[in-house]
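Student: need a 3D model of the sequence below.
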Amino acid sequence: MEKSTKTDNFLKAIQKYADAQRNAMRNEVEQLKEEKIKEAEKQGKYDSEKYIKDKLEEIKHKETSKLAKMMQDSQKELFLERSQMTDNIFKKAEEKLLEYTKTTEYTKNLIHSAKNISSLFGNNSCIIYVNEKDLKNAEKIGSVFSGKFEILSDNSIKIGGIKGYCKSMNIVADETLDSRLYAQRKWFIENSGLSVL
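Tutor: Numbering: from 1, shown residues only. The predicted model follows:
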């Protein structure tokens, strides 16, 4: 009987040890499982936050691109509209100036411009350029020059006025209505508030 008790005790001890080992392994598996779940949750949270952030960046980029294109298109449209307004204003101004060139006041101013150019060139030889329709005033224009001169028509003078060139002085004196209107256009664009930034 003593042998049987020893064997029973031995078996009980082995069983106890096996139960303890099984419990320890279960606890270890549970702990490992818990750690893996926490790690997976953490990774899932990071992945979802990154996905949301990436999607938001993508949407932001698309919307920013759309907005930039819309602004560019509207600036282009505004530029074209303002440019057309400026063209219309100066077309009307040109028409008025062309009407003005048919008056006696214009002829007086043409001679006055010739005097300004003559005083600049002095006795030097020069070439005087006018619009073809102003060749009829060639005698009046020539009468104010003291040096040798030649009067020619210039197709670049669309409206009127006078332009002189003195080769020896290497000077061009431009008193044309065309260049004055062009200068006004530049001034108008800079000061009218119609420019597009």
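
Student: which secondary element of the protein has the worst mean pLDDT?
Tutor: The least trusted helix or strand in the chain, going by mean pLDDT, DSSP states H and E, turns out to be helix 2-100, with a mean of 84.

Student: how far off centre is that helix?
Tutor: Here the centre of helix 2-100 is set off from its chain's centre by 35 Å, with CA atoms, centre = their mean, to the nearest Å.

Student: packing partners for it?
Tutor: Secondary-structure packing of helix 2-100 (3 or more CB pairs under 8 Å, 6 or more residues apart in numbering; DSSP states H and E): helix 177-191. Glycine gets a C-beta too; all of them are placed from N, C-alpha and C.

Student: one more pass at 10 Å, please.
Tutor: Judged by 3 or more CB pairs under 10 Å, 6 or more residues apart in numbering; DSSP states H and E, helix 2-100 is in contact with helix 104-121, helix 177-191.

Student: could you dump those into CSV with mean pLDDT added?
Tutor: What follows is the helices and strands packed on helix 2-100, written out as CSV (pLDDT from 0 to 100):
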stretch, mean pLDDT
helix 104-121, 95
helix 177-191, 86
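
Student: quick one: the ones you listed as TSV, columns for mean neighbour count and distance to Leu32 too.
Tutor: Output for those, formatted as TSV (neighbours: other CB atoms under 10 Å; distance: least, CB to CB, whole Å):
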stretch	mean neighbour count	distance to Leu32
helix 104-121	17	102
helix 177-191	14	78
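
Student: between these, which one is nearest to Lys136?
Tutor: Closest of these to Lys136 is helix 104-121, at 9.2 Å (criterion: CB to CB).

Student: now the least confident helix or strand of the chain against helix 177-191, angle please.
Tutor: 150 degrees (axes from the mean of the first three to the mean of the last three CA atoms, to 10 degrees).

Student: nearest to Ser168, out of the helices and strands packed on helix 2-100?
Tutor: Nearest to Ser168 among the helices and strands packed on helix 2-100 is helix 104-121 (9.0 Å), distances taken as CB to CB.

Student: Asp134 belongs to a helix, doesn't it?
Tutor: Yes. Asp134 forms part of a helix when assessed by DSSP: H, G, I helix; E, B strand; the rest coil.

Student: for the residue nearest to Leu135 when sequence neighbours are not counted, give me phi and psi.
Tutor: Excluding the flanking residues, the one nearest Leu135 by CB to CB, 6 or more residues apart in numbering is Ser153, at 5.7 Å. With angles defined as degrees, to the nearest 10, Ser153 sits at phi -80, psi 150.

Student: for Cys126, same thing?
Tutor: phi -150, psi 160.

Student: which residues touch it?
Tutor: Going by CB atoms under 10 Å, 6 or more residues apart in numbering, Cys126 touches 117-118, 120, 145, 147-151, 164-169, 171-173.

Student: do you know how far it is from Thr103?
Tutor: Cys126 sits 27 Å away from Thr103 when distances are taken as CB to CB, to the nearest Å.
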